[in-house]
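Enquirer: sequence plus predicted model, see below.
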Amino acid sequence: MTKFDEATQAIRVDATTYDVCLDPGYSIGGPLNGGYLMAALLRAVVDASPHDHPVSTSVQFLRAAVPGPARVRLEQVKTGRTATVTRATLVRDGQAHLDALVTTATLGDAESTWSATPAVPMPPVEECVALPEPKPESGMTLSARMELRFDPPTIGWLHGEPTGRPESRAYFRMAEPQDPDPFVLALAVDALPPVVFSAGSRGWAPTVELTWHLRALPAPGWLTLIGQGRLIRDGWFDEDVEVWDSAGRLVAQSRQLARLGRGGGPA
């Protein structure tokens, strides 16, 4: 079992309740990363489902979650031969922090009937770069749990040279050797810096709602994350992320709605 598997482990209490322990290693300056929280929640959903894979997940982020013991409460909405729909709520200190609707199914290894290609070509991974290591006092422990290698133009904001477009692109893998699976994909779809950084905004950008789809089981190796936004307005922005595996297949898609937080104006 890898550290990520342990950090997202859900222990069955009864048919509708699972215990989880939210790990401080997935912090983004205090609050825990939303993708990590989704992975922990999905462990419980999949364990309780007759189907193997979370093919559609829609999450409302009600409160920022911090490390410590929590529970996932489940309510089966509908079940059938091909899919089950479950409502899942992550509860910490008596308060709901995430509320999700999850559809589980069992994916096979069928070839795609048709597939698009990535909208933006990525340079080879050896030509991509990592972000600087965060200062220990920043509380950004998440960066030690995964590796990101960025397409250089999309991190120009680090040096005061944003592209002016909401975008972010990087190769992704876990820091500890681990083949990607659906739970790793839950982390991956929320692993990029907010796309608004590249548009010239800075500051904490909390996710309000995120929906993602598992399209195929990923091959081993680096994942490619391609993120972009469509509109920044009235303190809100959207972010779409495509995840492509090492075999060149689209394996996950997400869209989130987020807020520009404090300091979210132009850099």
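Expert: Cool, got the structure. Numbering: from 1, shown residues only.
Enquirer: how about the helices in the stretch 101-250 of the chain?
Expert: Listed in chain order, the helices of the stretch 101-250 of the chain (DSSP state H, counting those that start in this stretch) span 182-188.
Enquirer: tell me where it has strands.
Expert: Applying DSSP state E, counting those that start in this stretch to the stretch 101-250 of the chain gives strands spanning 146-150, 167-174, 207-214, 223-228, 232-233, 236-244, 250-259.
Enquirer: what's the pLDDT at the residue lying closest to D19 once chain neighbours are set aside?
Expert: Counting by C-beta to C-beta, 6 or more residues apart in numbering, the nearest residue to D19 once its immediate chain neighbours are dropped is I11, at 4.6 Å. Heads up, the C-betas are built off the backbone N, CA and C, glycines and all. Note on I11: pLDDT of 98.
Enquirer: per-domain residue ranges of the protein.
Expert: 1-106, 120-267 (automatic domain parsing).
Enquirer: where in the chain is pLDDT low?
Expert: 261-267 (pLDDT under 70).
Enquirer: now with 80, please.
Expert: 137, 261-267 (pLDDT under 80).
Enquirer: list the contacts for the nearest residue to A65 once chain neighbours are set aside?
Expert: Nearest non-adjacent residue to A65, counting by C-beta to C-beta, 6+ apart: H97, 4.5 Å away. Listed by C-beta atoms under 8 Å, 6 or more residues apart in numbering, the contact set of H97 reads L37, F61, L62, R63, A64, A65, A70, L90, V91.
Enquirer: just the CA atoms of the helix or strand hosting H97, as PDB, please.
Expert: Assigned by DSSP states H and E, H97 falls within strand 95-105. Extracted in PDB, the C-alpha atoms of strand 95-105 (Å, rounded to 0.1, in the frame of the first residue of the first chain):
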ATOM      1  CA  GLN A  95     -20.200  19.700   9.800                       C
ATOM      2  CA  ALA A  96     -20.500  18.700   6.100                       C
ATOM      3  CA  HIS A  97     -17.500  19.800   4.100                       C
ATOM      4  CA  LEU A  98     -18.100  18.100   0.800                       C
ATOM      5  CA  ASP A  99     -21.400  17.000  -0.700                       C
ATOM      6  CA  ALA A 100     -21.200  14.800  -3.800                       C
ATOM      7  CA  LEU A 101     -23.300  12.800  -6.300                       C
ATOM      8  CA  VAL A 102     -21.200   9.900  -7.700                       C
ATOM      9  CA  THR A 103     -22.100   7.500 -10.500                       C
ATOM     10  CA  THR A 104     -20.200   4.200 -10.400                       C
ATOM     11  CA  ALA A 105     -19.900   1.700 -13.200                       C
END
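Enquirer: give the buried residues for it.
Expert: Buried residues in strand 95-105, counted by 16 or more other C-beta atoms under 10 Å: H97, L98, D99, A100, L101, V102, T103, T104, A105.
Enquirer: what about the first one, distance to R63?
Expert: The one in question is H97. According to C-beta to C-beta, to the nearest Å, H97 stands 5 Å off from R63.
Enquirer: from the chain's centre, how far out does stretch 70-81 sit?
Expert: Distance of stretch 70-81 from its chain centroid, counting by C-alpha atoms, centre = their mean, to the nearest Å, is 21 Å.
Enquirer: how about it: buried residues?
Expert: Those would be A70, R71, V72, R73, L74, for stretch 70-81 by 16+ other C-beta under 10 Å.
Enquirer: residue contacts, T104?
Expert: V45, V46, S49, H51, D52, H53, P54, V55, A83, T84, T86.
Enquirer: select only the buried ones of those residues in PyMOL?
Expert: The following PyMOL line selects those of the contacts of T104 that are buried, judged by 16+ other C-beta under 10 Å:
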select buried, resi 45+46+49+51+53+54+55+83+84+86
